[in-house]
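Visitor: 3D model of this:
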Amino acid sequence: MQINNKTKQIASAVLLSGFLILGGCGQSSNTGKGPTGGPPEVAVMTMKPQQLVITTELSGRTSANLVAEVRPQVSGIIQKRLFTEGADVKAGQVLFQIDTAHFQAVHDNARAALGRSEANLSAIRLKADRMRELIADKAVSQQEYDDAKAALNQNQADIQFWKATVETASINLRYASVTAPISGRIGKSNVTAGTLVTAQQPLPLATIQQLDPMYVDVPQSTTELLRLQRRLAEGRLHRNGQVRNKVRLILEDNTSYPWEGALQFRDVTVDPTTGSVILRVVFPNPKGVLLPGMFVRAIVEEGVSKDALLVPQQAVSRDPKGKPLTLIVDAAGKVQQRMLTIDRAVGNQWLVSEGLAPGEQVIVEGTQKVKPGASVKVVPFVENAGKTGGEVKSAAPPASKAN
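Guide: Below is the predicted model:
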């Protein structure tokens, strides 16, 4: 009897525990259900065409607009260097002095020979004149007259020869003072006093570069060039009758250069190794910020798109094949998927050339919660939402988390 009583007590305890567990589960289940939720909320941006200046960022290097390699035009020994390396020099300023002793001697010898010929001219001319008078009276032979006339012509030719020799000697004497052919900043000297230099030698004595203004040469691929021409022909880009030649510059430290440049020309020859043409841009350089050989990025204006559609980059994703797509909300409040054709990045947005139409609502935040065909509740997207913890702000209901 005691065993049966214990068995009954154990069975009662088990049943009671089961009821308690079931009751607890039921209570937990009821608590988890809560009120039935509505459609998920997403932040959308309505596509509005806008006027956009289309630019292209191209990398290039700076170069001086004038470069002169200073070389001697006569041979001799360098006596002096008359400039400070790295300083600004003026055109015509003497940079090197070559020993002038030999050139001075040649010059003086030519002048002396010229003087001798000019001194003999008077006597030879008088003799030729007398011979001309005597030949008329048959007092002298024709041969004697011809010899006197030839001597006069020879003397006159000698005078012209020595005049040219004196001029050549004077030029060489001036060339002994090596001057700056242009104004600009001179670099280091490749020779010192006592060095023997030769005329037209391959090694320059120094190099002068004019740094204001400066050239920036940037390559542009022929693919980009053809695409630009096609967009202009199709009317997707406009120039409004203006030559858009303003160029901005980004320096190596990612700072903006304070002066704008002007596109000077686009080369007409394609480099076969790179498939690109060279654009030359001229930039003022009054403070000497730009130096030859610097790596820079030039932002070139191509034209104006009057109906550009810009989509935030966070609203665009990729399919398994890498093609861009986005989600929109149609007039029925349902999600639809659109494949896009993207032209380029504009800041933190994509410029879309195909796939969207003005007035369509693109989902910017909340795409992880929805799928094509689902019904959603839309609120307007606020661009600075990321600065407030990713909240979507709206004018009517309070904002909800995008993720």
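
Visitor: For Met45, name its beta-bridge partners.
Guide: With DSSP bridges as the criterion, Met45 is bridged to Val362.

Visitor: residues in contact with it?
Guide: Val311, Pro312, Ala315, Gln361, Val362, Val364, Pro380, Phe381 (CB atoms under 8 Å, 6 or more residues apart in numbering). Glycine gets a C-beta too; all of them are placed from N, C-alpha and C.

Visitor: How much space separates it from Ile328?
Guide: To Ile328, Met45 is 10 Å away according to CB to CB, to the nearest Å.

Visitor: One more: Ser375?
Guide: 14 Å.

Visitor: Quick check: neighbours shared by the two?
Guide: Common neighbours of Ser375 and Ile328 (criterion: CB under 8 Å, 6+ apart): Val335.

Visitor: higher neighbour count, these two?
Guide: Neighbour totals were compared for Ser375 and Ile328, and Ile328 leads with 21 against 13 (other CB atoms under 10 Å).

Visitor: Contacts for the host helix or strand of that one next, please.
Guide: Using DSSP states H and E, Ile328 sits within strand 324-329. Defining contact as CB under 8 Å, 6+ apart, one finds that strand 324-329 is touched by 42, 44, 311, 315-319, 335-342, 350, 355-356, 360-363, 367, 370, 372, 376, 378.

Visitor: quick one: secondary structure of the spatially closest residue to Gly293 that is not a sequence neighbour?
Guide: Leaving aside its sequence neighbours, Gly293 sits nearest to Arg61 (CB to CB, 6 or more residues apart in numbering; 6.0 Å). Counting by DSSP: H, G, I helix; E, B strand; the rest coil, the backbone at Arg61 sits in strand.

Visitor: try Ala91
Guide: Quick answer, by three-state DSSP: Ala91 is coil.

Visitor: Now do the same contact list for it.
Guide: Counting by CB under 8 Å, 6+ apart, Ala91 touches Thr179, Ala180, Pro181, Ile182, Ser183.

Visitor: residues near the closest residue to the third one other than its chain neighbours, how many?
Guide: Distances taken as CB to CB, 6+ apart place Ala68 nearest to Pro181, at 4.7 Å, with adjacent residues excluded. Ala68 is flanked by 19 other residues according to other CB under 10 Å.

Visitor: give me phi/psi at Ala68?
Guide: Ala68 has phi and psi values of phi -130, psi 120 when expressed as degrees, to the nearest 10.

Visitor: So among the contacts of strand 324-329, which ones count as buried?
Guide: Using 16 or more other CB atoms under 10 Å as the burial test, the contacts of strand 324-329 include 42, 44, 311, 315-316, 335, 338, 340, 342, 350, 355-356, 360-363, 367, 370, 376, 378 as buried.

Visitor: Restricted to strands, list those residues.
Guide: Using DSSP state E, Val42, Val44, Val311, Val335, Arg338, Ile342, Trp350, Gln361, Val362, Ile363, Val378 are the members of the buried ones among the contacts of strand 324-329 that sit in strands.

Visitor: Could you dump those residues into JSON lines with pLDDT and distance to Asp88 added?
Guide: Shown next, in JSON lines, are these (pLDDT from 0 to 100; distance: CB to CB, whole Å):
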{"residue": "Val42", "pLDDT": "88", "distance to Asp88": "63"}
{"residue": "Val44", "pLDDT": "89", "distance to Asp88": "61"}
{"residue": "Val311", "pLDDT": "89", "distance to Asp88": "52"}
{"residue": "Val335", "pLDDT": "89", "distance to Asp88": "67"}
{"residue": "Arg338", "pLDDT": "88", "distance to Asp88": "60"}
{"residue": "Ile342", "pLDDT": "85", "distance to Asp88": "49"}
{"residue": "Trp350", "pLDDT": "88", "distance to Asp88": "48"}
{"residue": "Gln361", "pLDDT": "89", "distance to Asp88": "62"}
{"residue": "Val362", "pLDDT": "90", "distance to Asp88": "57"}
{"residue": "Ile363", "pLDDT": "88", "distance to Asp88": "61"}
{"residue": "Val378", "pLDDT": "86", "distance to Asp88": "65"}
